[in-house]
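here are the coordinates; sequence isn't available:
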DNA sequence: TAGACATATGAACAACTGTTCATATGTCTA
DNA sequence: TAGACATATGAACAGTTGTTCATATGTCTA
């Protein structure tokens, strides 16, 4: 009974399927969070950083050497990955060792690879 | 014996781990393809389009109604999703019905949701 | 405590992306 | 064949993003 749906400003051909889809739709926040995660993974450099951390932890300058990027660039990316809980780090003296924070990340990467290699 | 590694322009602290990581690193093309897939998924509107297609096929204007976006915007996004083989369509008269092209996509979305909802 | 070193941070800029508006294409029906 | 309709496409513009360069922070050692 409550008419939460549109006010007829939008034209659609199959009102029932539209209503069904809307009932099952992600809420705005979830959709945004989901897009944000993928956005983080949607960069060449970050993909390589994450991939380099699957097998072992590495310090910043080693990551930079592995993926052939500047340390500054890597550091910026690591901050982003950190704030989104994709990587964590431990300090040992001056050196920060980064590693993956979440087993989901590796799963996502592998799932993506399956799509790429199909 | 072959010295394919750097020419010492990059400083790194743990040469062995770096070399190990480089041996296992994604090649440039794969990394780029992987990033490209995630980039596609890294947009609010596209996430919602894909999600709306998990349960049923929908035509363009219905998708637009479901996610509350303009038909033009949806059409642009669908083209992108099409060229990357994430959705396919069938024509019925004037109407184009879109659906997911690949079961990997749904898996990726669900895996992403797990990360978001942890 | 000074200097070296590993890393972080901020500002700036070019490159890229998503939306909108206008217009084009392709299909149906009268 | 003309007109309505569903969708596609192109151009343009604002907003976002990744890199670089310069500088700051924090830790160790002499």
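Yep, that arrived. Quick caveat: nothing in here was measured; it's all calculated off a predicted structure.

which parts of the one helix or strand residue A:113 maps to are buried?
Using DSSP states H and E, residue A:113 sits in helix A:103-116. Buried residues in helix A:103-116, counted by 16 or more other CB atoms under 10 Å in any protein chain shown: A:104, A:105, A:107, A:108, A:109, A:111, A:112, A:113, A:115, A:116. Bear in mind the C-beta positions are built from the backbone N, C-alpha and C, glycine included.

could you pick out which of the residues you listed are near chain B?
A:104, A:105, A:107, A:108, A:109, A:111, A:112, A:113, A:115, A:116 (CB under 8 Å from any CB of the partner chain).

Output those residues in a markdown table; the columns should cover pLDDT.
Listed next are these as a markdown table, based on pLDDT from 0 to 100:
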| residue | pLDDT |
| --- | --- |
| A:104 | 89 |
| A:105 | 93 |
| A:107 | 94 |
| A:108 | 95 |
| A:109 | 96 |
| A:111 | 93 |
| A:112 | 94 |
| A:113 | 94 |
| A:115 | 87 |
| A:116 | 89 |
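
Spit out the contact partners of residue A:98.
By CB atoms under 8 Å, 6 or more residues apart in numbering or on different chains, the contact list for residue A:98 reads A:53, A:57, A:58, A:59, A:60, A:63, A:78, A:87, A:88, A:89.

mind checking the SS state of it?
strand (DSSP: H, G, I helix; E, B strand; the rest coil).

bridging residues for it?
Under DSSP bridges, the beta-bridge partners of residue A:98 are residue A:58, residue A:89.

Check what pLDDT it gets.
The model reports residue A:98 with a pLDDT of 98.

What separation do you get for it and residue B:21?
12 Å (CB to CB, to the nearest Å).

what residues are shared contacts of these two?
Taking CB under 8 Å, 6+ apart as the contact rule, residue A:98 and residue B:21 both touch residue A:58.

How about the residues of chain A by DNA strand C?
A:59-62, A:71-72, A:75-76, A:78-79, A:89, A:94-96 (CB under 7 Å from any atom of the strand).
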